[in-house]
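Peer 1: return atomic coordinates for the entry below.
(one chain, ligands or ions: 2)
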Amino acid sequence: MKKTLILAVMLFAVSGCSGQNSSENAAPVNVKSLAGDTTVPITQPATELALYPQKGHALARNYAQQPPLIPHKADYPITLKRNTCLSCHAWGKAERMHATAIPKSHVIDDNGTLNGRNYSCNQCHVPQASNKQAIVGNSFSQ
Ligand code: HEC
Ligand code: HEC
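Peer 2: Ligands and ions are numbered 1, 2, ... in the order given. Sure thing, here's the model as predicted:
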């Protein structure tokens, strides 16, 4: 009795599998691009590379207490262990690197030790390229 039951179950399983082939005669699926008949342009001009002001030139500030804009690329890594911005802007290095030292408002002692609150420089300072259009309009006035 048990054997017959197992056989019946196996037969059922096999017939279940072969059931998948029954769709062989189904109508072909109409595969079409989501873009419809629109042709996709093959070439597209590359996005312009950001052009930063000539090296060594700070940008004018627009209002008092504005965090100055960064006049150079700003992808220097800021990690838990190292802040590469400081390799030029730290008190002991800025003069040699012809960069402005971080201001007194960013440090906690007379040696220029950075205040932890100012560690993520790019939280307040953003780079400004001369050839990039603003993505959103700006009607700021003083
Ligand atoms: C290789 C050296 C170097 C590194 C690294 C560097 N800078 Fe600079 N930075 C400069 C120089 C040179 C200037 C232009 C002179 C100036 O105004 O300080 C400048 C200018 C600036 C200014 C404008 C200062 C002003 O008075 O208008 C800011 C803000 C600034 N950098 C922030 C940063 C930040 C944030 C980082 C890290 C993401 C960084 N810099 C990394 C060299 C460097
Ligand atoms: C919480 C916002 C904030 C953070 C974070 C911050 N800054 Fe600033 N930064 C300012 C503001 C505001 C000013 C302008 C007012 C002043 O000098 O304090 C300034 C000024 C500066 C200046 C110009 C100094 C001068 O004498 O003209 C430099 C250079 C600078 N920051 C570099 C950095 C660097 C490098 C870091 C990261 C290590 C950093 N800042 C992090 C807000 C910030």
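Peer 1: get me the contact residues on the protein for ligand 1.
Peer 2: In this structure, the chain approaches ligand 1 at residues 56, 58, 68, 70-72, 74, 76, 84-85, 87-89, 97-100, 121-122, 125, judged by CB under 6 Å from any ligand atom. (Each C-beta comes from the backbone N, C-alpha and C, glycine too.)
Peer 1: redo that, cut-off 5 Å
Peer 2: By the rule CB under 5 Å from any ligand atom, the part of the chain lying against ligand 1 is 56, 58, 68, 70, 74, 76, 85, 88, 97-100, 121, 125.
Peer 1: whichever of those end up buried, select them in ChimeraX.
Peer 2: Typed into ChimeraX, the next command selects the buried ones out of the residues of the chain next to ligand 1 (criterion: 16 or more other CB atoms under 10 Å):
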select :68,70,74,76,85,88,99,121,125
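Peer 1: how about Arg117, phi and psi?
Peer 2: Summarising the backbone geometry of Arg117 under the convention degrees, to the nearest 10, its torsions are phi -70, psi -20.
Peer 1: what is the burial count for it?
Peer 2: Arg117 has 9 neighbouring residues, counting by other CB atoms under 10 Å.
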